[in-house]
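Trainee: just coords:
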């Protein structure tokens, strides 16, 4: 009876390990699809007003989507894909401002305004006391 229980535990562990290995080796197609969709949502349709390439069916948006799919399949990084699109179409192709150079000013300005408003409010409150 003892060998049966020992054997059962052994095979249970083996099955759990195999299930874990199978789970880790699942296809990454869903991750690739999500990555492509994310990139398409970051890029503006070149011929549309305020639409992402993901949301547009114009010829230029389809061309951008095809480029993104091809580059992802080649193994290009997100940064490389976005940088190449930006060099081809200009900085306005990206729906969010760049995080470096002049684009960083667009990210920092709202934070500075909020900090200044809080400091002014606290300063006025302290003077009233």
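Mentor: Structure's in. What do you need? The structure displayed is predicted, hence computed values, not measured ones.
Trainee: and after the helix or strand bottoming out on mean pLDDT in the chain, which helix or strand comes next?
Mentor: In the chain, no helix or strand scores lower on mean pLDDT, DSSP states H and E than helix 2-24, which sits at a mean of 68. As assigned by DSSP states H and E, the chain's next helix or strand after helix 2-24 is helix 29-42.
Trainee: Packing partners of whatever helix or strand comes next after that following helix?
Mentor: If you walk from helix 29-42 toward the C-terminus, the next helix or strand you reach (DSSP H and E) is helix 59-74. Using 3 or more C-beta pairs under 8 Å, 6 or more residues apart in numbering; DSSP states H and E as the contact criterion, the elements in contact with helix 59-74 are helix 29-42, helix 78-89. No exception for glycine: its C-beta is placed from N, CA and C like everyone else's.
Trainee: domain assignment for this protein?
Mentor: With domains defined by automatic domain parsing, the chain comprises 28-96, 98-129.
Trainee: Now residue 32. Nearest residue, chain neighbours left out?
Mentor: In space, and not counting its chain neighbours, residue 32 is closest to residue 72: 6.3 Å by C-beta to C-beta, 6 or more residues apart in numbering.
Trainee: Contacts only, for the one you found.
Mentor: Residue 72 makes contact with 32, 35-36, 39, 81 under the criterion C-beta atoms under 8 Å, 6 or more residues apart in numbering.
Trainee: of all these, which comes closest to residue 122?
Mentor: residue 39 (42.5 Å; C-beta to C-beta).
Trainee: follow-up on the earlier one: how close does the residue nearest to residue 32 sit to residue 31?
Mentor: Going from residue 72 to residue 31 by C-beta to C-beta, to the nearest Å gives 11 Å.
Trainee: Sketch out the low-pLDDT regions of the chain for me.
Mentor: Low-confidence segments of the chain (pLDDT under 70): 1-6, 21-29, 97-107, 129.
Trainee: Residue 66: which of the helices and strands packed on helix 59-74 is closest?
Mentor: Taking the helices and strands packed on helix 59-74 one by one with C-beta to C-beta, helix 29-42 is closest: 10.5 Å.
Trainee: List of residues touching the closest one?
Mentor: Against helix 29-42 from outside (C-beta under 8 Å, 6+ apart): 52-55, 64-65, 68-69, 72, 78, 81-82, 94-96.
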